[in-house]
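Q: Please work out how this folds:
(chains A, B and C)
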Amino acid sequence: MIALLLRDLKLAFRAGGGFGLGLAFFLIVTVLVPFSVGPQSSLLSTIAPGILWLGALLACLLSLDRLLALDWEDGSLDLLATAPLPLEAVVTIKALAHWLTTGLPLVLAAPFLGVLLNLPVPGFSWLVISLLIGTPAMSVIGTFGAALTVGLKRGGLLLSLLVLPLYVPTLIFGAEVARRGATEMETQTPLLMLAGITAATVALLPFASAAVLRINLR
Amino acid sequence: MSIAAKANALWEYANPRKFLATSERVLPFFWITSAICLVVGLVWGFFFTPDDYKQGSTVKIIYLHVPAALMAINCWLMMLATSLVWLVRRHHVSALAARAAAPIGIVMTLIALATGAIWGQPMWGTWWAWDPRLTSFLILFLFYLGYVALWEAIEDPDTAADLTSVLCMVGSVFALLSRYAVNFWNQGLHQGASVMRAAAVTGADTEEKVSNIYFYPLLLCIIGFVLLFIALVFYRTGTEIRARRIKALLARERVSG
Amino acid sequence: MIPDLGKYSDTVLSAYAASILLLVALVVFSVIRGRKVRAEMEKVEQRMSRHG
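A: As a prediction, this is how the structure comes out:
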């Protein structure tokens, strides 16, 4: 299992892997927002939590189609399916690798980009906490979407369309935590809901992803 | 060929046959009754009900908006049920029925959204508000689009049926989750939403407010929409079965050369 | 013929027009595709039975 994780991480860091792409996209979105909405710092600090969450989500979405595609093309997914490791564990490892290479860098970059958007000071810790809790759910849901579309030639657009509505609850609660944190409101309820969604998706969705992958490998 | 395989082949072949024969028999009944209910209900509602003291004549939009919204949700529930039947029993008609129903769901959602927007313009002063109900329907619309797109994208029909069934089940859970999330989110955004919700002529709020004058034609329209939905599902499932049979026949022709 | 709809007549009429248009389009497209598929199936079946 650890060997598989290490292999995935190594692949991601090599050229052609997904690492850096999401981060670059996140940076681009945050830098371009002030140009499009204007430089007023009051406006920017109001929308900063939402923009940062949206940017992280889109960056995540962008890197999804590489999640399983490389393994599908070179046939290593077929090998993994016949390996003693259950497919549920394989997809969980895949999601974990995706989170480590995409989700975690986004979480770490978010406070720096928050400075660019005049994020209010109390918002920083809440932004990092909400992203830290929310991004694993995005990776797991994304793995499900990638498993659904893995066999398709041009699955990228379809993947986004399928995953987008599935991201809505995570985005709502995650951005709500960040927004309430920034305006020093009570954050417990959305935080609990966000944690609940993440826990439930991490626990249950790998079974659906594995089932879907088995159908696709048939 | 083993007995089990033979029985299986029979199951695959005989049941679509039986379905086609049955639907051929009952379809005229559903087409005609749904047309009668819709025409009577809509004419009654449009010509012979008084204007509401507050909404004026826009109250007449209810006869389209509420039945369409109901069917948009019921259609998804039907797809969920048939998807489950397909996954458990491998009953081909079931998977094809889910496929046939999805575009109907899209149209119903569109009608609900369009009539809502047209009604909202003079009533709320805006085409669109991020009200929980409206937002949920928009998300439902996205789910329908993704579901249809997945069906269209996959070549092998059995794989497509399996994958869309799983998507339908996972999507249902997330749709429910979104409903609660959206409710929470809007209350969190602006507290004044209760003013709008009191005026909203959507869903459960209305059922209590609608008086008898409006209720009977509305009921007739709902029945008409249900019957129309059934007729369309039967008809479109028949089409899907035939399309599937053409595919199978052509494949056999190619093999035998 | 058309009852007095007051100042909201455009609203009501456009809502009815849009909905009925969508419903009719759905039925018409379903029937067109159904007819086409049915005719094609009969053609293919006939060809199959002739070739044995």
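Q: For B:Asn74, see how far away B:Pro67 is.
A: Relative to B:Asn74, B:Pro67 is positioned 10 Å away (CB to CB, to the nearest Å). Where C-beta positions appear, they are placed from N, C-alpha and C, glycine not excepted.
Q: neighbour-wise, which of those two wins?
A: Neighbours per residue (other CB atoms under 10 Å in any protein chain shown) separate B:Pro67 from B:Asn74, with B:Pro67 holding more: 28 against 16.
Q: I figured the more buried one was touching B:Leu220, is that so?
A: No: with contact defined as CB atoms under 8 Å, B:Pro67 does not count as touching B:Leu220 (9.6 Å).
Q: Tally up the residues packed near residue 217, please.
A: No chain was given, so I picked chain A. 16.
Q: try again with chain B
A: Neighbour count of B:Pro217, defined by other CB under 10 Å: 22.
Q: So it lies in a helix, does it not?
A: Yes: counting by DSSP: H, G, I helix; E, B strand; the rest coil, B:Pro217 falls inside a helix.
Q: Would you mind measuring from it to B:Lys60?
A: Taking CB to CB, one finds B:Pro217 at 9 Å from B:Lys60.
Q: what sits in contact with each of the two?
A: Shared contacts of B:Pro217 and B:Lys60 (CB atoms under 8 Å, 6 or more residues apart in numbering or on different chains): B:Gly45, B:Thr49.
Q: The helix or strand harbouring A:Leu32: how far from the chain's middle?
A: When elements are defined using DSSP states H and E, A:Leu32 is found to belong to helix A:21-37. Centroid separation for helix A:21-37 versus its chain: 16 Å, with CA atoms, centre = their mean, to the nearest Å.
Q: Stretch A:191-202 now?
A: Worked out by CA atoms, centre = their mean, stretch A:191-202 lies 14 Å from the chain centre.
Q: Is that stretch positioned near chain B?
A: Yes: legend: contact between stretch A:191-202 and chain B by CB under 8 Å from any CB of the partner chain is shown at A:Met193, A:Ile197.
Q: Identify the residues contacting that stretch?
A: If you take CB under 8 Å, 6+ apart as the criterion, stretch A:191-202 is touched by A:92, A:95, A:129-130, A:133-134, A:136-137, A:140-141, A:169-170, A:173-174, A:177, B:177, B:181, B:184.
Q: please redo it, this time with the cut-off set to 10 Å
A: A:92, A:95-96, A:99, A:126, A:129-130, A:132-141, A:143-144, A:166, A:169-177, A:180-181, A:187, A:208, B:170, B:173-174, B:177, B:180-181, B:184 (CB atoms under 10 Å, 6 or more residues apart in numbering or on different chains).
Q: Just the buried ones from those, in PyMOL syntax?
A: Selection of buried members from these for PyMOL, criterion 16 or more other CB atoms under 10 Å in any protein chain shown:
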select buried, (chain A and resi 92+95+96+99+126+129+130+132+133+134+135+136+137+138+139+140+141+143+144+166+169+170+171+172+173+174+175+176+177+180+181+187+208) or (chain B and resi 170+173+174+177+181+184)
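Q: Narrow the contacts of stretch A:191-202 to those in helices?
A: Among the contacts of stretch A:191-202, the ones falling in helices (DSSP state H) are A:92, A:95-96, A:126, A:129-130, A:132-141, A:143-144, A:166, A:169-177, A:180-181, A:208, B:170, B:173-174, B:177, B:180-181, B:184.
Q: What ranges in chain A fall below the confidence cut-off?
A: For chain A, the stretches with pLDDT under 70 are A:14-19.
Q: Centroid-wise, who is the farthest residue in it?
A: A:Gln40 (29.6 Å; CA atoms, centre = their mean).
Q: Show the contacting residues for that residue.
A: A:Pro34, A:Thr46, A:Asn118.
Q: Of those, which are in range of chain B?
A: The subset of those within reach of chain B, by CB under 10 Å from any CB of the partner chain, is empty.
Q: Pull out the buried members of those residues.
A: For the contacts of A:Gln40, buried by 16+ other CB under 10 Å: A:Pro34, A:Thr46, A:Asn118.
Q: so the last one sits in a strand?
A: No: remark: A:Asn118 does not belong to a strand; assigned using three-state DSSP, it is coil.
Q: quick revisit: list just the nearest of the buried ones among the contacts of A:Gln40 to B:Thr82.
A: A:Thr46 (46.0 Å; CB to CB).
Q: which residues sit in contact with that closest one?
A: A:Gln40, A:Leu117, A:Asn118, A:Pro120, A:Arg179, A:Ala182, A:Thr183.
Q: Give the helix, strand or coil label for A:Leu152.
A: coil.
Q: So it sits against B:Ile154, correct?
A: Yes: using CB atoms under 10 Å, A:Leu152 makes contact with B:Ile154 at a distance of 7.1 Å.
Q: anything in contact with each of the two?
A: Joint contacts of A:Leu152 and B:Ile154 (CB under 10 Å, 6+ apart) are A:Leu158, A:Asn216.
Q: If you count surrounding residues, which of these two has more?
A: Legend: neighbour count by other CB under 10 Å for A:Leu152 and B:Ile154, higher for B:Ile154 (21 against 18).
Q: What count of nearby residues applies to B:Ala160?
A: 18.
Q: what's near enough to touch it?
A: A:Ile215, B:Ala95, B:Arg99, B:Leu150, B:Trp151, B:Glu152, B:Ala153, B:Ile154.
Q: Tell me which helix or strand it sits in.
A: helix B:157-189.
Q: for that helix, what is the average pLDDT?
A: Averaged across helix B:157-189, the pLDDT comes to 86.
Q: Just the buried positions in it, please.
A: Neighbour-count burial for helix B:157-189 flags B:157, B:160-175, B:177-179, B:181-186, B:188 (criterion: 16+ other CB under 10 Å).
Q: distance between stretch B:162-177 and the chain's centre?
A: With CA atoms, centre = their mean, you get 15 Å for stretch B:162-177.
Q: Same check on stretch A:198-209?
A: That offset, for stretch A:198-209, works out to 14 Å (CA atoms, centre = their mean).
Q: and that stretch, which residues are buried?
A: Neighbour counts over stretch A:198-209 (16+ other CB under 10 Å) mark A:Thr198, A:Thr201, A:Val202, A:Leu205, A:Pro206, A:Ala208, A:Ser209 as buried.
Q: Identify the residues contacting the closest residue to A:Thr183 other than its chain neighbours.
A: Excluding the flanking residues, the one nearest A:Thr183 by CB to CB, 6 or more residues apart in numbering or on different chains is A:Pro120, at 7.3 Å. A:Pro120 sits next to A:Ser45, A:Thr46, A:Ala48, A:Pro49, A:Gly114, A:Trp126, A:Gly181, A:Ala182, A:Thr183, A:Glu184 when contact means CB under 10 Å, 6+ apart.
Q: give the contact list for the residue nearest to B:Pro157 when sequence neighbours are not counted.
A: Counting by CB to CB, 6+ apart, B:Pro157 lies nearest to B:Arg244, which is 6.3 Å off, once chain neighbours are set aside. Neighbouring residues of B:Arg244 by CB under 10 Å, 6+ apart: B:Pro16, B:His92, B:Val93, B:Ala95, B:Leu96, B:Arg99, B:Pro157, C:Val37, C:Met41.
Q: Can you report how many residues lie near the fifth one?
A: The burial metric for B:Leu96, expressed as a neighbour count using other CB under 10 Å, is 24.
Q: near chain A, which residues of the stretch 151-257 of chain B?
A: B:152-156, B:158-167, B:169-171, B:173-186, B:188-189.
Q: ok, back up a step: tell me the one of the buried residues of stretch A:198-209 nearest A:Leu21?
A: Comparing the buried residues of stretch A:198-209 against A:Leu21 with CB to CB places A:Ser209 closest, at 21.9 Å.
Q: could you measure the closest one against C:Leu22, distance?
A: 36 Å.
Q: do B:Leu176 as well
A: 26 Å.
Q: can you give me the helices in chain C?
A: C:9-51.
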